[in-house]
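J.: One predicted model, sequence on top.
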Amino acid sequence: MTTTTLAVLVPLLPFLGAATGLLLGRTAPGYVRPLAILPTLAAAVIAVVVAARQGGGPAIDASTRLTPTGSVPIDLALHLDGFAVLVAVLVGLVATCVQIYSTAYLRHDPRYPSYAALVSLFTSAMLLVVYSGDLMVLLVGWEVMGICSYFLVGHYWETPEARAASLKAFLVTKLGDVPFLIGLFALAADTGTFRITGILGAVAHGGLDHPTLIALLLLAGVAGKSAQFPLHTWLPDAMAGPTPVSALIHAATMVAAGIYFVARLLPVFAESGAALVVLAVMAAVTMIGSGLAALAQDDIKRVLAYSTIGQLGYMSGALAVGDRGAAVFHLLSHGAFKAVLFLAAGVVIHAAGTNSLTAMSRMGGLAKRIPDAYWTMTVALLALAAIPPFAGFFSKEAILVAAEHTALGERHVAPAAAGWTVLVAGLLAAVLTAAYATRLWLLAFRGRGAEAPDHGRQPVAMTAVLWVLAIPTIGFGLTVGVITDWFDGHSLTPSMTTAVLSTGVGLVGGLVTYGAWRHTTALAARTPAGVVVAHPDAEPALIEAEAMTHHTAGYGDTPGTPDPADPGRLLLGPLHRHAATGFHLDALYTTLFVRPVQAAASLVGFLDREVVDTYVRGAGTGARWLGAAVRRAQTGNVQTYLSALLAGSLVLAIAAVVFAHINAGS
């Protein structure tokens, strides 16, 4: 088979698996698991073959006219460059691991058939985005992912949290998709094509008339899909879905789509220095804000969610300084270690409380019971904190090096202001990342919460994939000198300055967090039974709940009681309660947007009910009254009818005589 034929099969196989799974899910349940795993696994293997054949050489393009439009044509096109083939391998690998993991994680779920089919459709949509060479076809995959995320996040629709989270994810991402669609049409209007190669060619020859407007419109969709400030608020709430779905969304689909889109069309954004500065500021706020929020979360999945937002901020920062190689390099390494983190968190949650306990402060005694999750999560957290020699160190260094060169004027793709913004924010975020990674590890594996009942050894399907994904987490960064052909020949090696700075501040963040944890642990150990230690800025309801829990015992002595040794409260101080709520952005949006819309809806409802319906009811009432009047005349008496006819004729005759007299007189 040709390379293009194999590439067509990569998104097609999971799609066929999804369609077949939906058709046979209830009638032939024995085929559900093979249909979930085998097509996705085959797509992953073929994606590896396509990457090997492409070999980092010139891009492979193939297309056929999809439909005549009468104006800008739409083509079913493939564009296989080094970035596309590597990202496709990541998507296939993570999706296969998620499908295998889900067979055990959701083995007793009655809705597993539809879940597995939606995961396959989700995978197919992302692969379509990755390989597509036409923006309209890319948009199809973009929107299919949105609806798949709605159903998968709301998988546990019996709970109000899942219903609200799925609706929020759908609405917030659609809020960004509206200007995104307008931006696509504006881009096609300027360049005369939806083909990526045609657009890039037109940009190279100065064919873009409105670069800033188009770039900002497209960035709105990217901010929604890739959870960047200010449209990031849906992602932490999306943790209400199954943990494997979180791994898929955060590591290989959905949020990666926006970053990948900007990387594919980076020359369009580079035409506008203002747009790059906006992107740099957006990335800086995202990195720092999400790091602070992650340091204040107690739910292990919400910590990882804010972590994803921050790492996506790093990728946006790389794009803001014009280095798509560094952005995609971090996207790939992040996909590996973030998949490990979420899938290991699923094992932790399952071991701690039968898929229900996610609060780190209530965990304890897990390190020895789940060694696979313990060791792989430790490795992944080291990669997240960018500690050498793990993958996260090399990919994060590539971003900081690009920012440094831009700030010092050694790269001229983006303004120096964008470089300084990304560099300073990246170093601050490195401290916060190491801090919340250390805090997560200490609370989850060294916490003093009550030890949950032992549910036995975790299923092999859940633990084996952790080690598979740990391999690229450990070794992918070491290939930095080998994979440059797939990254336009661009060097991704670290520099001494940024390596020392970022590693140093990361170690400082980790050590300070460890010291704070030791301090709070010692304080908790001296706390007598029945005494509640609460931070002065803690919510009153939380203090009351903890007091009721501990009225007969000290911390860690009662099943399910929280461990007060939380270094996050000590490190953040008064900022903790604000960071814990995501700096009240949801409340702000509720005040600025939700309540006005609800008020407007109430007003429209009132006008419809009291004004429009009044006219409708009036018309009906008038018809009823007229009918009643006519009905009274229908007596059934023939003499009455003849008398009325005679009287009517007499009136008409008199009227005719009067009108004739008037006409004669005139």
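T.: Cool, got the structure.

J.: Any chance you could list what contacts the helix or strand harbouring residue 244?
T.: Element membership for residue 244 (DSSP states H and E) is helix 243-251. Helix 243-251 is contacted by residues 90, 94-95, 97-98, 101-102, 105-106, 119, 122-123, 149, 152-153, 155, 235, 238-239, 254-255, 301, 304-305, 308, 334-336, 338-339, 342-343, 345-346, 349 when judged by Cβ atoms under 8 Å, 6 or more residues apart in numbering. Where C-beta positions appear, they are placed from N, C-alpha and C, glycine not excepted.

J.: what about burial for these, which qualify?
T.: 90, 94-95, 97-98, 101-102, 105-106, 119, 122-123, 149, 152-153, 155, 235, 238-239, 254-255, 301, 304-305, 308, 334-336, 338-339, 342-343, 345-346, 349 (16 or more other Cβ atoms under 10 Å).

J.: Buried residues, the helix or strand where residue 427 lies. List them.
T.: If you go by DSSP H and E, residue 427 is part of helix 416-446. Residues 418-423, 425-446 are the ones in helix 416-446 that count as buried (16+ other Cβ under 10 Å).

J.: what does stretch 58-73 give?
T.: Buried, per 16+ other Cβ under 10 Å, within stretch 58-73: 59, 60, 62, 63, 72, 73.

J.: Repeat that for stretch 126-140.
T.: 126-139.

J.: Make JSON lines out of these and add secondary structure.
T.: Shown next, in JSON lines, are these (DSSP: H, G, I helix; E, B strand; the rest coil):
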{"residue": "126", "secondary structure": "helix"}
{"residue": "127", "secondary structure": "helix"}
{"residue": "128", "secondary structure": "helix"}
{"residue": "129", "secondary structure": "helix"}
{"residue": "130", "secondary structure": "helix"}
{"residue": "131", "secondary structure": "helix"}
{"residue": "132", "secondary structure": "strand"}
{"residue": "133", "secondary structure": "coil"}
{"residue": "134", "secondary structure": "strand"}
{"residue": "135", "secondary structure": "helix"}
{"residue": "136", "secondary structure": "helix"}
{"residue": "137", "secondary structure": "helix"}
{"residue": "138", "secondary structure": "helix"}
{"residue": "139", "secondary structure": "helix"}
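
J.: low-confidence ranges in the stretch 501-650 of the chain?
T.: Across the stretch 501-650 of the chain, the ranges flagged by pLDDT under 70 are 527-564.

J.: how does it look with 90?
T.: 518-568, 573, 592-594, 598, 605-650 (pLDDT under 90).

J.: for it, what spans make up the helices?
T.: For the stretch 501-650 of the chain, the helices defined by DSSP state H, counting those that start in this stretch occupy 540-549, 567-572, 576-580, 585-589, 595-607, 613-633, 638-665.

J.: Please work out the angle formed by the directions of the last one and helix 613-633.
T.: Between helix 638-665 and helix 613-633, the angle formed by their directions is 110 degrees, by axes from the mean of the first three to the mean of the last three Cα atoms, to 10 degrees.

J.: And helix 638-665, how far out from the chain middle?
T.: Centre-to-centre, helix 638-665 and its host chain are 82 Å apart (Cα atoms, centre = their mean, to the nearest Å).

J.: Chain neighbours aside, what residue packs nearest to residue 411?
T.: Once flanking residues are discounted, residue 411 sits nearest to residue 405: 4.4 Å by Cβ to Cβ, 6 or more residues apart in numbering.

J.: Could you report the separation of the one you found from residue 332?
T.: Separation of residue 405 from residue 332 (Cβ to Cβ, to the nearest Å) stands at 21 Å.

J.: More neighbours: these two, which one.
T.: Higher neighbour count among residue 405 and residue 332: residue 332, with 23 against 20, using other Cβ atoms under 10 Å.

J.: Can you check what angle separates the host helix or strand of that one from helix 243-251?
T.: Assigned by DSSP H and E, residue 332 falls within helix 324-353. With the same axes, to 10 degrees applied, the angle from helix 324-353 to helix 243-251 works out at 160 degrees.

J.: Show me what helix 324-353 is packed up against.
T.: helix 82-105, helix 243-251, helix 255-264, helix 300-320, helix 371-384, helix 391-407, helix 460-475 (3 or more Cβ pairs under 8 Å, 6 or more residues apart in numbering; DSSP states H and E).

J.: contacts for the helix or strand following the third one?
T.: In this case it means helix 255-264. Downstream of helix 255-264, the first helix or strand assigned by DSSP H and E is helix 266-270. For helix 266-270, the surrounding residues in contact (Cβ under 8 Å, 6+ apart) are 187, 199-200, 203-204, 208, 211, 214-215, 218-219, 262, 275-276, 279, 319, 322, 324, 413-414.

J.: For ChimeraX, what selects the buried ones among these?
T.: The ChimeraX selection below is limited to those of the contacts of helix 266-270 classed as buried (16+ other Cβ under 10 Å):
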select :187,199,200,203,208,211,214,215,218,219,262,275,276,279,319,322,324,413,414
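
J.: Just the ones of the contacts of helix 266-270 in strands?
T.: Nothing among these maps onto strands, per DSSP state E.

J.: Which positions in stretch 496-504 come out as buried?
T.: 498, 499, 501, 502, 503.

J.: show me what contacts residue 388?
T.: Residues counted as contacts of residue 388 (Cβ under 8 Å, 6+ apart) are 394, 499, 503.

J.: tell me the helices in the stretch 51-200 of the chain, going along the chain?
T.: In the stretch 51-200 of the chain, the segments counted as helices under DSSP H, counting those that start in this stretch are 82-105, 112-131, 135-153, 160-191, 196-204.

J.: name the helices or strands packed onto the second one?
T.: What it means is helix 112-131. Judged by 3+ Cβ pairs under 8 Å, 6+ apart, helix 112-131 is in contact with helix 3-24, helix 32-54, strand 74-80, helix 82-105, helix 135-153, helix 243-251, helix 255-264.

J.: Now do it against helix 135-153, angle only.
T.: With the same axes, to 10 degrees defining the directions, helix 112-131 sits at 150 degrees from helix 135-153.

J.: Let's test this: mean pLDDT of helix 112-131, rounded?
T.: Mean per-residue pLDDT for helix 112-131: 95.

J.: What of the third one?
T.: Averaging the model's pLDDT scores along helix 135-153 yields 94.

J.: what's the angle between that helix and strand 74-80?
T.: Put simply, helix 135-153 runs at 80 degrees to strand 74-80, going by the same axes, to 10 degrees.

J.: Just give me how far helix 135-153 sits from the chain centre.
T.: Centre-to-centre, helix 135-153 and its host chain are 11 Å apart (Cα atoms, centre = their mean).

J.: Then stretch 617-625?
T.: With Cα atoms, centre = their mean, you get 53 Å for stretch 617-625.

J.: now do stretch 422-435
T.: For stretch 422-435, the distance to the chain centre is 22 Å (Cα atoms, centre = their mean).

J.: can you list contacts of that stretch?
T.: Contacts of stretch 422-435 (Cβ under 8 Å, 6+ apart): 280, 283-285, 287-288, 291-292, 294-295, 307, 310, 313-314, 317-318, 320-321, 384-387, 396, 399-400, 403-404, 406-407, 501-502, 505-510, 512-513, 571.

J.: again, only using 6 Å
T.: Residues outside stretch 422-435 that contact it (Cβ atoms under 6 Å, 6 or more residues apart in numbering) are 280, 284, 287-288, 291, 295, 310, 317, 320-321, 385, 400, 403-404, 407, 502, 505-506, 509-510, 513.

J.: can you check stretch 279-297 too?
T.: The contact list for stretch 279-297 (Cβ under 6 Å, 6+ apart) reads 228-229, 303, 306-307, 309-310, 313, 316-317, 320, 418, 421-422, 425, 428-429, 432, 435-436, 568, 572, 576, 579-580, 582.
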